[in-house]
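> Take a look and give me a structure for this.
(one chain, ligands or ions: 1)
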Amino acid sequence: MAWLDQKSKQFIDKKVQTAKNYGTGSLSRPWLIQNDLRMIRGNMKNHTLHLLALSFGVLFFVTATFAQNPLILDQFTADPTARVFEGKIYVYPSHDIPAGPGKGRANWFVMEDYHVFSSENLLDWKDHGVIVSQDKVDWADAAGYAMWAPDCVFKKGKYYFYFPAPAKAETTGGRGGGSRIGVAIADKPYGPFKPETKPIEGPMGIDPCVLIDKDGTAYLYYSMSRIFVAKLKDNMVELDSKPQEIQNLPTAGLIEGPFAFERNGIYYLTYPHVANKTERLEYAMGKSPTGPFTVTGVIMDESASGCWTNHHSIVEYKGQWYLFYHDKDMSPEFDKNRSIKADYLSFNEDGTIKKVIPTHRGVGIVAAKSKIQIDRYSAISNEGVSVSFLNDANRREGWKISLSEKNAWIQFNKVDFGKSDLKSVNVRCVSSAGGSIAIHIDKADGPVLAKIEIGKGFEWKVANSKLAAVPSGVHDLVVTLNEKNNVELDWVSFE
Ligand code: FUB
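From the prediction side, this is the model:
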């Protein structure tokens with residue numbers, strides 16, 4: 001089977017392609033897509049049932065509300081592109097699903113559709129449901145399961161959603177599929193999106209990103225072992241120039257997932273790159289959308305979790321910049337089932353980007369009256385604190401935190417107490433031997449809001465205590481353990 005080499009523009013045999021490690025497995029991705037397709041086609045019978053289920057699925061409008069990192073708990077999400085539309089943040093991620101009979105390939109990425117999520121406060125995310133699925137795209141292989149990282153931009157009253165997908169063989173003149181880039185168009189950021197009947201003529205690749213420059217010219221970036229850029233015509237669905245490989249980027253180690261943006265006249269080309277073992281987020285700076293770019297630094301180091309991929313976007317919303325990215329929080333043992341996250345991002349005076357340290361706390365100001373998930377902490381003491389799933393059989397329930405050493409503490413930043421009308425605090429907790437905790441504001445030895453005795457027992461319960469002090473405005477919370485006893489906490493809520 002042949003594959004188009006973007007650089008030479010020649011079809012090359014898969015056997016002569018360089019094998020690249022891509023997390024679990026050790027083959028280059030285009031090669032794997034071809035093999036995925038062959039294997040999946042053998043399972044088409046089961047696939048019919050699945051498609052039926054999917055077509056019912058898209059009829060329903062789903063709403064989900066979650067907070068902190070990861071942003072979405074009720075499904076796997078990856079490759080988040082965040083955009084500001086109509087005064088809200090919209091996140092267009094890809095959607096990892098577990099492989100199943102006739103559904104993708106075990107131990108690999110399996111992705112058949114895209115959802116879009118929106119939020120005003122970056123805490124409560126609304127799932128607008130499926131916006132594009134492989135079986136509704138004429139040119140895409142309905143058994144491809146490789147709808148990888150997408151993007152969405154707004155131009156002249158329309159929303160253009162760009163996505164990669166393995167093409168049906170006939171789309172490439174019988175030469176055997178390959179990943180192409182498609183566009184779906186809508187009047188609203190959440191759809192309904194109508195996919196174009198053909199992919200964009202020209203590029204074969206993945207991870208599209210579109211930058212609309214200040215003069216209105218749109219540029220399409222994408223990757224295929226290297227990063228390419230081409231101008232888009234005003235219709236946003238055709239190229240207006242031949243794709244050029246962007247020069248002076250790292251050549252050793254996989255590079256992909258381009259995300260380009262402009263700030264104060266500086267053009268940033270940001271990308272995941274395997275400099276060592278797994279992907280880290282790096283960037284280059286330039287003076288035009290097409291470069292030349294100078295490799296400048298690292299935005300986020302390799303994940304401590306070992307997640308092989310990272311994929312990101314950078315957006316300014318209400319005067320604050322954010323990095324959206326992914327990790328494998330909900331699936332520690334399998335890094336192809338990922339979850340999207342967000343953290344604050346900022347710049348130095350000279351325009352360089354300050355490194356972002358991933359947090360569980362994430363972004364947004366949490367209302368004191370909400371169920372504050374303190375296991376999504378901002379900081380913890382060096383000893384006596386551990387975090388684990390509340391229910392390993394259903395990880396969507398989230399996490400709990402265990403405090404086990406006297407004076408162990410956990411800090412959760414940015415809680416909004418409003419106008420001092422709160423009287424008591426509820427804590428969902430359990431302690432097999434009984435224990436007591438204190439809730440302080442701002443620091444571990446800051447004013448005590450409440451001391452809470454947790455009775456001995458093995459069942460989770462909600463303990464309540466009157467507030468000793470009533471704060472107003474936004475504060476950090478610190479929960480300390482008073483004695484050396486094991487106390488587990490799920491959430492804290494003031495009323
Ligand atoms: O999600 C599938 C692929 O993994 C993306 O297209 C890459 O950027 C990497 O995140």
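
> Count residues in the vicinity of Pro101, would you?
Neighbour count for Pro101, taken as other CB atoms under 10 Å: 11. From N, CA and C alone the C-beta is placed, and that goes for glycine too.

> And the pLDDT for it?
Note on Pro101: pLDDT of 93.

> give the contact list for the residue of the chain found nearest the ligand.
Residue nearest to the ligand within the chain: Trp148 (3.2 Å; CB to the nearest ligand atom). Contacts for Trp148 (CB atoms under 8 Å, 6 or more residues apart in numbering) come out as Asp79, Ser94, Phe109, Met111, Phe163, Pro164, Ala165, Ser179, Ile206, Asp207.

> go on, Ile266?
Ile266 makes contact with Met285, Gly286, Lys287, Gly351, according to CB under 8 Å, 6+ apart.

> Quick check on the nearest residue to Arg361 once chain neighbours are set aside: phi, psi?
In this structure, Arg361 finds its nearest non-sequential neighbour in Ser378, 4.3 Å apart by CB to CB, 6 or more residues apart in numbering. The phi and psi values for Ser378, taken as degrees, to the nearest 10, are phi -90, psi -40.

> which residues touch Ser378?
Contacts for Ser378 (CB under 8 Å, 6+ apart) come out as Thr359, His360, Arg361, Gln411, Phe412, Asn413, Asp476.

> For the residue nearest the centre of the chain, give me the pLDDT.
With distances taken as CA atoms, centre = their mean, Ile340 lies nearest the centre of the chain, 2.6 Å away. Reported pLDDT at Ile340 in the predicted model: 98.

> Surely it forms part of a strand?
Yes. Secondary structure assignment places Ile340 in a strand (DSSP: H, G, I helix; E, B strand; the rest coil).

> hey, what's Val427 bridged with?
Ala463, Val492 (DSSP bridges).

> do His326 as well
Ile340.

> Measure how buried it is and give me the count.
His326: 27 surrounding residues under other CB under 10 Å.

> wouldn't it be in contact with Ser305 here?
No. Counting by CB atoms under 8 Å, His326 sits too far from Ser305 to count as a contact (10.7 Å).

> Please tell me how far the nearest residue to Gly191 once chain neighbours are set aside sits from Lys156.
With sequence-adjacent residues excluded and distances taken as CB to CB, 6+ apart, Gly191 is closest to Ile131, at 4.5 Å. The gap separating Ile131 from Lys156 is 20 Å, by CB to CB, to the nearest Å.

> Looking at these two, which one has more neighbours?
Ile131 (25 against 9).

> Is the more buried one located within a strand, as I assumed?
Yes. Counting by three-state DSSP, Ile131 is found in a strand.

> tell me the contacts of it?
Asp113, Tyr114, His115, Val116, Phe161, Ala184, Ala186, Tyr190, Gly191, Pro192, Phe193.

> And it, how far from Pro189?
Counting by CB to CB, the gap from Ile131 to Pro189 is 9 Å.

> Please identify every residue contacting each of these two.
Val116.

> residues from the stretch 301-450 of the chain in reach of the ligand?
The stretch 301-450 of the chain has residues Thr309, His311 near the ligand, with proximity defined as CB under 6 Å from any ligand atom.

> quick check: domain ranges of this protein?
Domain assignment for the chain by automatic domain parsing gives 5-345, 366-494.

> Can you give me the end-to-end span of stretch 123-136?
Stretch 123-136 has an end-to-end distance of 31 Å (CA to CA, to the nearest Å).

> In that stretch, which residues are buried?
Using 16 or more other CB atoms under 10 Å as the test for burial, stretch 123-136 gives 123, 125-136.

> re earlier: mark which of the contacts of Ile131 are buried, thanks.
Asp113, Tyr114, His115, Val116, Phe161, Ala184, Ala186, Tyr190, Gly191, Phe193.

> need the next SSE after the helix or strand encompassing His128, C-terminal direction.
Using DSSP states H and E, His128 maps to strand 126-133. Heading C-terminal from strand 126-133, the first helix or strand you meet, by DSSP H and E, is strand 151-155.

> Give me the sheet partners of that following strand and which way each runs.
Strand 151-155 pairs in its sheet with strand 158-166 (antiparallel), by DSSP bridges.

> buried residues in the partner strand?
Per 16+ other CB under 10 Å, strand 158-166 contains these buried residues: Tyr159, Tyr160, Phe161, Tyr162, Phe163, Pro164, Ala165, Pro166.

> pLDDT weak spots in the stretch 151-300 of the chain?
172-177 (pLDDT under 70).

> What ranges does it have for its strands?
151-155, 158-166, 179-186, 194-195, 206-212, 218-224, 226-232, 244-245, 259-263, 266-274, 279-286, 293-300 (DSSP state E, counting those that start in this stretch).

> How far off centre is the fifth one?
For strand 206-212, the gap between its own C-alpha mean and the chain's C-alpha mean amounts to 16 Å (CA atoms, centre = their mean, to the nearest Å).

> is the ligand contacted by it?
Yes. Strand 206-212 comes into contact with the ligand (CB under 6 Å from any ligand atom), by way of Ile206, Asp207.

> Quick one: work out the angle between that strand and strand 226-232.
Interaxial angle of strand 206-212 relative to strand 226-232 (axes from the mean of the first three to the mean of the last three CA atoms, to 10 degrees): 40 degrees.

> neighbouring strands for strand 206-212, and are they parallel or not?
strand 218-224 (antiparallel).

> Per-residue pLDDT of the nearest residue to Ala142 once chain neighbours are set aside, please?
The shortest distance from Ala142 to any non-neighbouring residue, by CB to CB, 6+ apart, is to Asp135 (4.6 Å). For Asp135, the pLDDT comes out at 96.

> likewise Val470?
For Val470, the predicted pLDDT is 88.

> Quick one: residues contacting it.
Contact analysis of Val470 by CB under 8 Å, 6+ apart lists Phe417, Ser420, Asp421, Leu422, Lys423.

> and what of Glu383?
Glu405, Ala408.

> And for Thr197?
Asp138, Trp139.
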